[in-house]
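Peer 1: Compute the structure for the input listed below.
(2 chains)
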Protein chains: 2
Amino acid sequence: MPPRALAAYFPILDWGRRYDRHALSNDLIAALIVTIMLIPQSLAYALLAGLPPEMGLYASIAPILLYAIFGSSRVLAVGPVAVVSLMTAAAVGNIAEQGTAGYITASLTLAFLSGAILLVMGLFRLGFIANFLSHPVIAGFITASGVLIAASQLASLLGIKAEGHNLPELGASLWQNLPMINPITVAIGLLGLTFLIWVRKGMKPALRRLGLGPRMADVLTKAGPVLAVVVSTAVVWALGLADKGVAIVGNVPQSLPPLTLPGFDLALIKDLLLPALLISVIGFVESVSVAQTLAAKKRQRILPDQELIGLGAANLASSLTGGFPVTGGFARSVVNFDAGAETPAAGAFTALGLAIAAVALTPLIFFLPKATLAATIIVAVLSLVDFSILRKTWAYSKADFAAVAATISLTLIAGVEVGVSAGVILSLALFLFKTSRPHVAEVGLLQGTQHFRNILRYPVLTDPSLLTLRVDESLYFANSRYLEDYIHARVTGDTALKNVILLCSAVNEIDMSALESLETINIRLKEMGIQFHLSEVKGPVMDRLQTTHFLTDLTGKVFLSQYEAMQVLAPVLMATAVPLARG
Amino acid sequence: MPPRALAAYFPILDWGRRYDRHALSNDLIAALIVTIMLIPQSLAYALLAGLPPEMGLYASIAPILLYAIFGSSRVLAVGPVAVVSLMTAAAVGNIAEQGTAGYITASLTLAFLSGAILLVMGLFRLGFIANFLSHPVIAGFITASGVLIAASQLASLLGIKAEGHNLPELGASLWQNLPMINPITVAIGLLGLTFLIWVRKGMKPALRRLGLGPRMADVLTKAGPVLAVVVSTAVVWALGLADKGVAIVGNVPQSLPPLTLPGFDLALIKDLLLPALLISVIGFVESVSVAQTLAAKKRQRILPDQELIGLGAANLASSLTGGFPVTGGFARSVVNFDAGAETPAAGAFTALGLAIAAVALTPLIFFLPKATLAATIIVAVLSLVDFSILRKTWAYSKADFAAVAATISLTLIAGVEVGVSAGVILSLALFLFKTSRPHVAEVGLLQGTQHFRNILRYPVLTDPSLLTLRVDESLYFANSRYLEDYIHARVTGDTALKNVILLCSAVNEIDMSALESLETINIRLKEMGIQFHLSEVKGPVMDRLQTTHFLTDLTGKVFLSQYEAMQVLAPVLMATAVPLARG
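Peer 2: Alright, predicted model coming up:
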C-alpha cells in the first residue's frame, strides 16, 4: 500500500513525521494541565456511571492512545464524559445491579459494542447517520441530561442514596432517603460546590489581583478541583470523618489498566445493542462538534468518517482495559487546546500521566469523600444546561420547538434512551409531514423582469386562461395525491382556463408515485379541455422523465423557462408587459 | 345543526332526496348481478381467512348497509376482499388455532379495531397517513399477496391441508401433506379452475356466437362462478363423493347475521393493534383507489376522510354481526358499476339479497366442495398478480425498485405484516437519505435570458470571482452539515473567489439546524474574505429568516432574483453578456 493511502487511515503518519522539539514542549505542558484536571473528573464520571472510581482512570488511558493514532483532530481529548456516563448508567442499570460483577461486564460490553458500531460506521462511511439528529434535539437532550446528572449527584452531595434513571424515580428515591441525610457530608459537599463555583467564576481574577501572571493564574485555576480533592481528603482523614458516616472512595487498586474481556453472551448483546447505538451516535455528534469548533480556530480539518474510526478504536481499547464508553469531551478538549497542545502526542503524554496516577496516587485518595466528586460533576454539568433552545426554537420554528420540547420532557420523565429516540423520530416525522403537504403558490410575471413570484405577495402579471402553479417540494409518494387533489380543486369550475403550467424549479425529484399522479392530472385536465405543461424542469428530473411515456402523453409542452412558456401560451398578454429593465 | 353540515357526514341525505324510479330499477338490476357474484366469493374469502363460510355472508350484509349511509362513493361495494382476508388469517393465526372460538373472537376484535382506527382517522382527518404508502409498494404488496393466496388455496384444490403465512411455510406444509392428496378433489378443483378461467376469457364471446344479446351474455358470464358452485355441489351430492374424501362446506347455519361481541381483553387488543392498523391503511388505500377510478368515470368526487368514516362504520358493523375485516373490493365494485348501479341503494339491495341467501340457501351448499371455492379464489387473485412493477421501477427509479423488491420478497418470505412494514419503512428511509445528500448545481447565466442553469449541462456565462450554487432541496437538519462541507470543500483553495451566492429557488424550508449551518458558512467565508449572498429566497422562508439575527450578520445581501445578483456583483461581465431575446 502506498504511504498516502495508509496515512488516510493513520493520521499519526502525517503529523508524526513533522514532530519537533517545539511541539514536544508545548504538548508536555498541555498534558500536565489536562492530567491534573482529569484525575478527579475521571473518578467522578466512573461513579456517575455506577462503576468503581479506578475505571474512570482506566477509561482515560488506552482510549487516549488509540485516538492519538487514528483520530483526525489534533487536540480532541478522549475519555469518560458526563452525558455518555449517564447513558451508560441507564443502559447497564437495566441489566445488572450496581456493584456486581455483571454490572462491570455489561459496561465493558457496552464499550465494546459502541466501539464496534463506530468502527463499522467509519469503515462504511456511514457518518451521515449522525446528521439525522437535529441540532435542537441534541441541544435539548444535553440540557435534559445535565439536569438528570445534577439530580443524581444531589444525593451524593447530601450523603444519601438515590436510584433511578429519570426525574420522577430520582425524586421519589431522594425523598424517601431524605431522613438518612448526613450533616457532615452536606457540609463537605456544599463547601466543595461553593469553592468549585468560585474556581470557575472568581479564582482567576482573584489570582491576577494577587499579582500572578496570566499563565500561572490559568494553571492554578485548572488545578482548583484537585485542590478541593486534596483538602477534603485531608480533612476527612485528619478528623476521622469516615467513621462519622461520610462516604469515601475507599480502597482503589494500585495498578495499570488491567486486561479485561467484555461479555459475548448473545442475550446481553441484544439488550445492549440499541443503547450502544444511541451512545455511539450521541458520543460521535458531541465529539465531532467539539473537534470541528477547535479545528476551525486553527484552519484544520476534521474528517468525520476518520473520527468514527478513532472513537471506535478508543472504545474498543476501553472495553479491553477496564474502562467504559468514552468520547471526545468538551471541557477537557478546550483545556487541552487552551493549554497549547499541538499534536495528539499531548494526549499520549496525558495517558502517561494518568497511568502514573493510577499506579502511584490511588492510595492517597482512600479518604476522598464522594461528596467532593459529586460537587465536581454538578459544577461540570451545570454549564451544559441551557433551556434557551426552547425560546429560540419557539421563535423560529414550531416544528423544531416540538421536537426539542418532546426531547427534554421525555428525557426528564422517561430517561435518556426514550428521550433521544423520541426526539429523532418526532423531528423526522414532522419533516415528512411537512413535505407531504407542500406549499403551492400561484405565480405571475414580475413586471420588468423574467422572474415569476407568488400572486399573493407581489403585483404580478397573469392571464385568466393560464394558471401557473409553483409547487415548493420534490414530488414523491407522500405528497403526490395532495398535488392531484390541489390541482383538481383549483381548476374545477374555472371555465376560462385553457392551460395549466407546473413550474418545477423547486421539484428536485419525481418518483414513480408522483409520475403516476402527473399522468392522472394530465388525463383529468385533458378531459376538461385543459392543456398541461411543465416548465423549468431540472436536468436530472428531465433525464428520468425521458425514459417514460409521460412526455409523449403530455397534452402540453415542457418549457425550458417559465418566461418562454408565457411567451408561447399568452403572447397577447406578453406584448402588453412592461419591457425588461435592461436588454 | 343545519342540514348542510349534517349531509357532510351523511352523504345519504344528498342522493336520497333525489332518488327516483329510474334509479331504483337500475339499482335493483345491479344488486341482483352483484348478489349472484358475491355468494360464492363471500364463502370463499371466509375460508381464506380461516373462518366458517357463513361469516363471509354476514361480513357482506351489515357492512354494505352502513357504507351506503356513510360512504362517499356511489358504487363502491364493501365486503370481504382477498388481500384483507389473507391479512386477517395472518394476524389472527398468530393468536389462536383455526376452528376455535378464540379464533372467531379474535377476528371480530380485529374488525372492531380496524373500524375504530378508520373512524378515528376519519374524524380527525388523518387520511393523509395513507399517502405514506407509495404506489409501487402497494402494487408490490398486492402482487405478493396474490401469490401467497394462490399458494394457500392450492392445498384446498389438491384436497390437502397447508398451513403457514409465507411461502416457505406453505411450501413445506404442502410438501409434507402431498401423500394425502385426494384424486377426486384434484379432478373437481382442476375442472373448476379450467371452467372459471374460460368464464373469464372465453364465455362471453362464445355466448355471443350462440346468438345471445350482449346484456344477457354479460349477466350469464357473471353467473359463471354460481354455475360452477351449483354443478360441483350437485355432482358431489349425486355421486356421494363426500364419503370418498372430498372436503365439503358442510353444515351452515340458516340464519340472519347474529349479534356478536368482539373481545375487549387488553392483551388481545395489544396483539391485534398493529395488524389492525396495517389492515385499515391497506384496506383504505385499496378501497379509495377503486372508488376514485370509478368516480372519475362519472365526474363524481370521493372525499377520502368521509371514506374513512364509511369504511370505519362498515367494519364496526361487521364486528357486531358475525363478520371480519372488510373494505371496498375491486372486482365487486367494477361489476356493480358496469351493471349500472346509480346510488348506494344498490348496495342495500345487495345486502337484502345476501340476507335472503343466508336464511334460505345455506342448506343447499352443504355438499359444495371446498375445492370449487379454492378455484374461485385462485382465479380472482391471479388478476392481482403483476410483477411488471419490478421492471417499471427498475427502469425509472432504483429507489422505488428497492422498495418494491423488498416489499415483494419480504411479503413472500416473511408474511404480509413484515412485508408491508418493510416497504413503508424502506421507502421513507430512502427518501430521507436522498434529501440528506441533495443535488447541488453550480449555475451560470443562459445567454439571452435571465435564466440560470447548471454549468455542466448548458453553455452559460460565469465569473471566476463569483460562485453561484443552487441547492436542490429544502435545508434541514439531515442535510445542513452536508451543505457546510460541500461549500467548504468547493471554496477552499479558490483564491479568485470574492462572492458566493446560494440560489434558493428550490429551498422550501430552512429549519433551525440549517439556519445554524448558514451562520457557520457565513462566518467561515468571512474569515476567508468571501462575501455570502442569498438569492430568490421564497416568501415563507424569508419571513422566518427575518425573525433572526442571520440577515444582519450576513456579510452579503439577499437578492430578489439571481439576475439582479449578477448585475450587482459582476457588472463588468454582465455588460458583455448577449442582450436579452426581447426587451
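
Peer 1: Correct me if wrong: A:E307 contacts A:G127.
Peer 2: Yes: here A:E307 reaches A:G127: they are 7.5 Å apart, a contact under CB atoms under 8 Å. No exception for glycine: its C-beta is placed from N, CA and C like everyone else's.

Peer 1: residues shared between the contacts of the two?
Peer 2: A:F284 (CB atoms under 8 Å, 6 or more residues apart in numbering or on different chains).

Peer 1: These two - which one has more neighbours?
Peer 2: A:E307 (26 against 22; other CB atoms under 10 Å in any protein chain shown).

Peer 1: Quick check: the gap between that one and B:L212.
Peer 2: 79 Å (CB to CB, to the nearest Å).

Peer 1: What of A:G202?
Peer 2: 104 Å.

Peer 1: Show me which of those two is the more surrounded one.
Peer 2: B:L212 (15 against 11).

Peer 1: Setting aside sequence-adjacent positions, which residue approaches that one most closely?
Peer 2: Sequence neighbours aside, B:L220 is the residue nearest to B:L212 in space, at 7.2 Å (criterion: CB to CB, 6 or more residues apart in numbering or on different chains).

Peer 1: So that neighbour is in contact with B:L210, correct?
Peer 2: No: in this structure B:L220 lies outside contact range of B:L210 using CB under 8 Å: 10.1 Å.

Peer 1: Count the residues that sit near A:E484.
Peer 2: With other CB under 10 Å as criterion, A:E484 counts 18.

Peer 1: which stretch of helix or strand covers it?
Peer 2: Taking DSSP states H and E as the definition, one finds A:E484 inside helix A:477-491.

Peer 1: Report the buried residues of that helix.
Peer 2: A:F477, A:A478, A:N479, A:S480, A:R481, A:Y482, A:L483, A:E484, A:Y486, A:I487, A:H488, A:V491 (16 or more other CB atoms under 10 Å in any protein chain shown).

Peer 1: residues near A:G16, how many?
Peer 2: Using other CB under 10 Å, A:G16 is surrounded by 15 other residues.

Peer 1: Over to it. Which of the three states is it?
Peer 2: Under DSSP: H, G, I helix; E, B strand; the rest coil, A:G16 falls in the helix class.

Peer 1: Please work out how many residues are found near the closest residue to chain B within the stretch 1-150 of chain A.
Peer 2: Of all residues in the stretch 1-150 of chain A, the one sitting closest to chain B is A:S134 (3.3 Å; CB to the nearest CB). When neighbours are counted by other CB under 10 Å, A:S134 registers 31.

Peer 1: Find me the pLDDT at it, would you?
Peer 2: On pLDDT, A:S134 comes in at 89.

Peer 1: and the helix or strand following the helix holding A:E484, average pLDDT?
Peer 2: Where DSSP H and E defines the elements, the next helix or strand beyond helix A:477-491 is strand A:499-503. Strand A:499-503 comes out with an average pLDDT of 95.

Peer 1: List of residues touching strand A:499-503?
Peer 2: A:443, A:452, A:465-471, A:487, A:491, A:518, A:525, A:530-536, A:556, A:559, A:562, A:565, A:569.

Peer 1: which one is the residue of the stretch 151-300 of chain A found nearest chain B nearest to, not counting chain neighbours?
Peer 2: The minimum distance from the stretch 151-300 of chain A to chain B, using CB to the nearest CB, falls at A:A296 (7.0 Å). Distance criterion CB to CB, 6+ apart; nearest residue to A:A296, sequence neighbours excluded, is B:R524 at 7.0 Å.

Peer 1: Determine the set of other helices and strands touching the helix or strand that contains that neighbour.
Peer 2: Applying DSSP H and E as the criterion places B:R524 in helix B:512-527. Counting contacts by 3 or more CB pairs under 8 Å, 6 or more residues apart in numbering or on different chains; DSSP states H and E, helix B:512-527 packs against helix A:135-158, helix A:388-396, helix B:477-491, strand B:531-535, helix B:550-553.

Peer 1: Pick the most deeply packed of these.
Peer 2: Stretch with highest mean neighbour count among the helices and strands packed on helix B:512-527: helix A:135-158 (a mean of 24; mean count of other CB atoms under 10 Å in any protein chain shown).

Peer 1: orientation of it relative to helix B:477-491 in degrees?
Peer 2: 110 degrees (axes from the mean of the first three to the mean of the last three CA atoms, to 10 degrees).

Peer 1: what packs against the next helix or strand after helix A:135-158?
Peer 2: Using DSSP H and E, the helix or strand that follows helix A:135-158 in sequence is helix A:167-177. Counting by 3+ CB pairs under 8 Å, 6+ apart, the packing neighbours recorded for helix A:167-177 are helix A:135-158, helix A:398-414.

Peer 1: Tabulate the ones you listed (JSON lines), appending distance to B:S85.
Peer 2: Shown next, in JSON lines, are these (distance: least, CB to CB, whole Å):
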{"stretch": "helix A:135-158", "distance to B:S85": "42"}
{"stretch": "helix A:398-414", "distance to B:S85": "39"}
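
Peer 1: Pull the number of nearby residues for A:Q254.
Peer 2: Neighbour count of A:Q254, defined by other CB under 10 Å: 12.

Peer 1: I'd like to know which elements the helix or strand A:I64 falls within is packed against.
Peer 2: Assigned by DSSP H and E, A:I64 belongs to helix A:54-70. Helices and strands touching helix A:54-70, by 3+ CB pairs under 8 Å, 6+ apart, are helix A:12-17, helix A:21-48, strand A:78-79, helix A:101-123, helix A:304-320, helix A:345-356.

Peer 1: Can I get the ones you listed in CSV including distance to chain B and mean pLDDT?
Peer 2: Shown next, in CSV, are those (distance: least, CB to the nearest CB, whole Å; pLDDT from 0 to 100):
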stretch, distance to chain B, mean pLDDT
helix A:12-17, 17, 77
helix A:21-48, 24, 88
strand A:78-79, 21, 93
helix A:101-123, 15, 95
helix A:304-320, 8, 94
helix A:345-356, 25, 91
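
Peer 1: Can you tell me which of these is most buried?
Peer 2: It is strand A:78-79: most buried of those by mean count of other CB under 10 Å, with a mean of 33.

Peer 1: re earlier: list the buried residues of the helix holding A:I64.
Peer 2: A:54-70.

Peer 1: what's the neighbour count on A:W175?
Peer 2: The tally of other residues near A:W175 (other CB under 10 Å) stands at 10.

Peer 1: how far away is it from A:A187?
Peer 2: 21 Å.

Peer 1: got it, and A:L48?
Peer 2: To A:A187, A:L48 is 22 Å away according to CB to CB.
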